[in-house]
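> How does the following fold in three dimensions:
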Amino acid sequence: MSAMSWWMWLLVLLLGWAVLLLVHYLGGELIKRVVPQGHFLRFFTQRIRVPSRVFFLAFFLRFCIPLAPLAGPWQSYLAMGDMMVLIICTIWMLMAAVEALFQVVVARYPLNVADNLRSRRIHTQARVLARSAHFLLLLLGLGFVLMILPGARQLGTSLLASAGVAGLVAGLAAKPVLGNLIAGLQIAFTQPIRIDDVVIVEGEWGRVEAITGTYVVVRVWDERRLIVPLQWFVENVFQNWTYQSASLLGTVFLWVDYRVDLKGLNEAFKAVCESTELWDRRVQVLQVTDTNEWGMQLRFLVSSTDSGRLFDLRCLLRERLVAYLGQHQPDAFVRVRILEAQ
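Purely as a prediction, here's the structure:
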């Protein structure tokens, strides 16, 4: 195939690029009009505008390189760079496809529903698998790019030949990355934690806000964030308050005098529970759990639909029960009695 003159080659290249860009634009507009919102193709096209445009331009350049008025080595260099661009754009679009699939899945299972256990399970699996797929695609793209470079294979061979210490160092360096990757897959399938789970980590109460490929973000009640490696959740003991259900039991303890009217206090306890939507009407029990020389300890056991509402219910019970005792049974508060010697 004979080479063209510079101006002819540039004219063909620019005309071809103009046609491809026009087709790319019209195709995007057609998908906008035909494909409904929430469809996989809609999410996918929104994320590949730039890589797909560059891919088309590089793909057409691939056919024009043999016609370029360049010496043999320069044509090889241009072809090598063009192939690297094609590989990078392909990996970029594959990652966009994974992310679009994730968006479709999470859109079908919203978290803002009353019983979102299944949704949290699906969100967690989809997010961890998407992160793992991104990591593998990046490794795959890097491998293909290195295969194109002339000295990459020789470099790889020399590194393999000098295994010994270099292999040991590489293994140690890769251990945290591989460990977190494997831990992420374990979490995705066994699911000790899920998105929006309520957990206790290192004594801190919070919700699982995000699960990435290497760490978990836990949003603490005071808006702080705990960044915890994925491996930590596999290797350590922690509390998950929403593993099976968001419903929980909570307690309120009060120390009272022996002269307290337990029947009246229990009726006040029931009245407070029935007057608020924070109580889910499952458990409501009053028990004497301890006694000493000063008085007795009462435990008010209640239930609620989730940890946040349970905390508010416990605070409300303390407030209302103390107010009831102060108004109707002031002698029920614990007091120290001093008896004068006869």
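> quick one: stretch 274-282 to chain centroid distance?
Relative to its parent chain, stretch 274-282 has a centroid offset of 32 Å by C-alpha atoms, centre = their mean, to the nearest Å.
> ugh, wrong one, I meant stretch 230-248
That offset, for stretch 230-248, works out to 15 Å (C-alpha atoms, centre = their mean).
> With just CA atoms, put it into CSV.
Provided in CSV are the C-alpha atoms of stretch 230-248 (Å, rounded to 0.1, in the frame of the first residue of the first chain):
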residue,chain,number,x,y,z
LEU,A,230,-11.7,-5.2,54.8
GLN,A,231,-9.4,-7.8,56.4
TRP,A,232,-10.2,-6.4,59.9
PHE,A,233,-13.8,-7.6,59.6
VAL,A,234,-12.7,-11.1,58.6
GLU,A,235,-10.1,-11.4,61.4
ASN,A,236,-11.7,-9.6,64.4
VAL,A,237,-14.9,-9.9,66.5
PHE,A,238,-17.4,-7.0,66.1
GLN,A,239,-21.1,-6.4,66.8
ASN,A,240,-23.6,-6.2,64.0
TRP,A,241,-27.0,-5.0,65.3
THR,A,242,-28.8,-5.5,62.0
TYR,A,243,-27.4,-8.9,60.8
GLN,A,244,-30.8,-10.6,60.8
SER,A,245,-33.2,-7.8,61.5
ALA,A,246,-33.0,-4.1,62.4
SER,A,247,-35.3,-4.7,65.5
LEU,A,248,-33.6,-4.5,68.8
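> Contacts for it, please.
115, 117, 120, 176, 179-180, 183-184, 186-187, 192-194, 196-201, 211, 213-216, 280, 282, 303-307, 310 (C-beta atoms under 8 Å, 6 or more residues apart in numbering). Bear in mind the C-beta positions are built from the backbone N, C-alpha and C, glycine included.
> ok, of the residues you listed, which come out buried?
Buried subset of these (neighbour count, 16 or more other C-beta atoms under 10 Å): 117, 120, 179-180, 183-184, 186-187, 193-194, 196-199, 201, 211, 213-216, 280, 303-307, 310.
> Cross those against strands and list the overlap.
Using DSSP state E, the subset of those located in strands is Val198, Val199, Val201, Ile211, Tyr215, Val216, Ser303, Ser304.
> What pLDDT does the model give the fifth one?
Put plainly, it is Tyr215. If you check Tyr215, the pLDDT there is 86.
> what does the last one give?
For Ser304, the model assigns a pLDDT of 91.
> That one: what's its closest spatial neighbour, skipping adjacent residues?
Spatial nearest neighbour of Ser304, chain neighbours left out: Leu310 (3.8 Å); criterion: C-beta to C-beta, 6 or more residues apart in numbering.
> quick one: the one you found and Leu249, what's the gap?
To Leu249, Leu310 is 8 Å away according to C-beta to C-beta, to the nearest Å.
> anything in contact with each of those two?
Val302, Ser303.
> got a list of what Leu94 touches?
Counting by C-beta under 8 Å, 6+ apart, Leu94 makes contact with Leu137.
> What strand or helix carries it?
In this assignment (DSSP states H and E), Leu94 forms part of helix 72-108.
> wait, isn't Val104 in contact with Phe40?
Yes. Here Val104 reaches Phe40: they are 4.9 Å apart, a contact under C-beta atoms under 8 Å.
> okay, the two: which has more neighbours?
Val104 (17 against 14; other C-beta atoms under 10 Å).
> if we can go back for a sec, is the residue nearest to Ser304 in contact with Leu316, as I believe?
No. Using C-beta under 8 Å as the test, Leu310 is too far from Leu316 to be in contact (10.6 Å).
> show me where this protein has helices.
Under the criterion DSSP state H, the chain contains helices at 6-34, 40-47, 49-64, 72-108, 117-148, 152-161, 163-190, 230-235, 262-274, 307-328.
> Mind listing what's buried along the longest one?
For helix 72-108, the neighbour count (16+ other C-beta under 10 Å) marks 75, 78-79, 82-106 as buried.
> Quick one: distance of stretch 252-268 to the chain centre.
The answer for stretch 252-268 is 45 Å, by C-alpha atoms, centre = their mean.
> Ends of that stretch, what's the gap?
End-to-end distance of stretch 252-268 (C-alpha to C-alpha, to the nearest Å): 14 Å.
> And for stretch 184-202?
Stretch 184-202 has an end-to-end distance of 20 Å (C-alpha to C-alpha).
> list the contacts for Asp196?
Per C-beta under 8 Å, 6+ apart, neighbours of Asp196: Leu111, Asn116, Arg120, His123, Arg207, Val208, Thr242.
> Just the buried residues out of these, in PyMOL syntax.
In PyMOL, a selection of the buried entries from the contacts of Asp196 looks like this (16+ other C-beta under 10 Å):
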select buried, resi 116+120+123+207+208+242
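> Closest one of the contacts of Asp196 to Cys64?
His123 (46.0 Å; C-beta to C-beta).
> No more questions from me, cheers.
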